[in-house]
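>>> Kindly generate the corresponding structure for this input.
(one chain, ligands or ions: 3)
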Amino acid sequence: MGKGELHIVSTGNQRPEKLAEIAGDIHPYITALHIREKHKTAKEIYQLIELLLDSQVPASKIIVNDRLDVAHVMKLCGVHLAYHSLPIGPVKENFPDLRVGCSVHSLEEAISAQKQGADYAFFGHVFPTQSKPGSAPRGVEQLRSVSSSVSMPVIAIGGIKPGNVNEVMEAGAKGVAVMSGVLEANQPLGKVKEYVSRLSISNKFR
Ligand SMILES: Cc1ncc(COP(=O)(O)OP(=O)(O)O)c(N)n1
Ligand SMILES: Cc1nc(C(=O)O)sc1CCOP(=O)(O)O
Ligand SMILES: [Mg+2]
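Ligands and ions are numbered 1, 2, ... in the order given. Alright, predicted model coming up:
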């Protein structure tokens, strides 16, 4: 069996040049880089992605939050739709080659996303994370229930560290999405390699 997927999600507050430098180092080892810059305009996101492309990050590994226009114009691999975004169904119908994903936080949301044609879903937050202060984590058992109820890939997000990768893969996740664990690490490339080695090992037992 192949490796589990490793998705890296931008923090929304890193300097574009810094993100591009890290992304240039880590892209060969990751499945996708998610550009989640909710406070940036389309033009700012476009400029950030230009920097990434200049750093040799392939467009085929970049997924952008919400902005179908940017994904289309820049020939990116996918778009991650938010609650306020265009609905999944019409996006998939009009852009069948685009990988269309979304975040889900319950079994009902996961089933609905799959019915609408989502290619994948992030489920979280599985563990405590500084990104969701004061909000209780949903835990590994809810991840297991969601993963076993849908056929689309479910990616675990929220508080994912190398040490809990095995647990979420065993619960049926097809991979993990990581923000702070890599992008706020002292040595992002070294961290990515740690995640990759855990993803390979854990998949052997599935
Ligand atoms: C491009 C991209 N990838 C992943 C996400 C994570 O989505 P989500 O969990 O919905 O983010 P929050 O709304 O929980 O902050 C994203 N937004 N964009
Ligand atoms: C963007 C996002 N969405 C989540 C969700 O549960 O929907 S958790 C999350 C942030 C994950 O960051 P970290 O890897 O630093 O815990
Ligand atoms: Mg979310």
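>>> does the longest helix belonging to the chain come close to ligand 2?
Using DSSP state H, we find that the single longest helix of the chain is helix 188-204. No: Helix 188-204 stays clear of ligand 2 (Cβ under 6 Å from any ligand atom), getting no nearer than 10.8 Å. Glycine gets a C-beta too; all of them are placed from N, C-alpha and C.
>>> For ligand 2, what's its nearest residue on the protein.
Nearest residue of the chain to ligand 2: residue 124, at 2.7 Å (Cβ to the nearest ligand atom).
>>> State the three-state secondary structure for residue 6.
Secondary structure for residue 6, judged by DSSP: H, G, I helix; E, B strand; the rest coil, is strand.
>>> Quickly list what it is bridged to.
residue 176 (DSSP bridges).
>>> Am I right that it is in contact with residue 30?
Yes: if you go by Cβ atoms under 8 Å, residue 6 and residue 30 touch, sitting 4.8 Å apart.
>>> quick one on the thing from earlier: what's the neighbour count on the residue of the chain closest to ligand 2?
24 (other Cβ atoms under 10 Å).
>>> quick thing: my sequence starts at 151, can you match it?
Taking 151 as the first residue, the last one we looked at is residue 274.
>>> Packing partners of the helix or strand of the chain with the lowest mean pLDDT?
Ranking every helix and strand in the chain by mean pLDDT, DSSP states H and E puts helix 338-354 at the bottom, with a mean of 86. Contacts defined by 3 or more Cβ pairs under 8 Å, 6 or more residues apart in numbering; DSSP states H and E place helix 338-354 against strand 155-159, helix 166-176, helix 315-320, strand 325-328, helix 330-333.
>>> With distance to residue 257 and mean neighbour count as added columns, please give the ones you listed in TSV.
Shown next, in TSV, are those (distance: least, Cβ to Cβ, whole Å; neighbours: other Cβ atoms under 10 Å):
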stretch	distance to residue 257	mean neighbour count
strand 155-159	21	23
helix 166-176	32	18
helix 315-320	16	21
strand 325-328	19	27
helix 330-333	26	20
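>>> distance between the ends of stretch 225-232?
Using Cα to Cα, to the nearest Å, the end-to-end distance of stretch 225-232 comes to 20 Å.
>>> and if you look at stretch 182-196?
Length of stretch 182-196, first residue to last, Cα to Cα: 17 Å.
>>> and residue 290, which of the helices and strands packed on helix 338-354 is closest to it?
helix 315-320 (5.7 Å; Cβ to Cβ).
>>> anything in that closest one near ligand 2?
No: in terms of Cβ under 6 Å from any ligand atom, no part of helix 315-320 sits within range of ligand 2; the closest distance is 12.0 Å.
>>> Tell me how far residue 199 lies from residue 320.
Separation of residue 199 from residue 320 (Cβ to Cβ, to the nearest Å): 35 Å.
>>> Tell me which residues touch the nearest residue to residue 194 once chain neighbours are set aside, please.
In space, and not counting its chain neighbours, residue 194 is closest to residue 187: 7.2 Å by Cβ to Cβ, 6 or more residues apart in numbering. Counting by Cβ atoms under 8 Å, 6 or more residues apart in numbering, residue 187 touches 160, 162, 194, 195, 198, 215.
>>> what's around the spatially closest residue to residue 295 that is not a sequence neighbour, how many residues?
With sequence-adjacent residues excluded and distances taken as Cβ to Cβ, 6+ apart, residue 295 is closest to residue 257, at 5.9 Å. Using other Cβ under 10 Å, residue 257 has 15 other residues around it.
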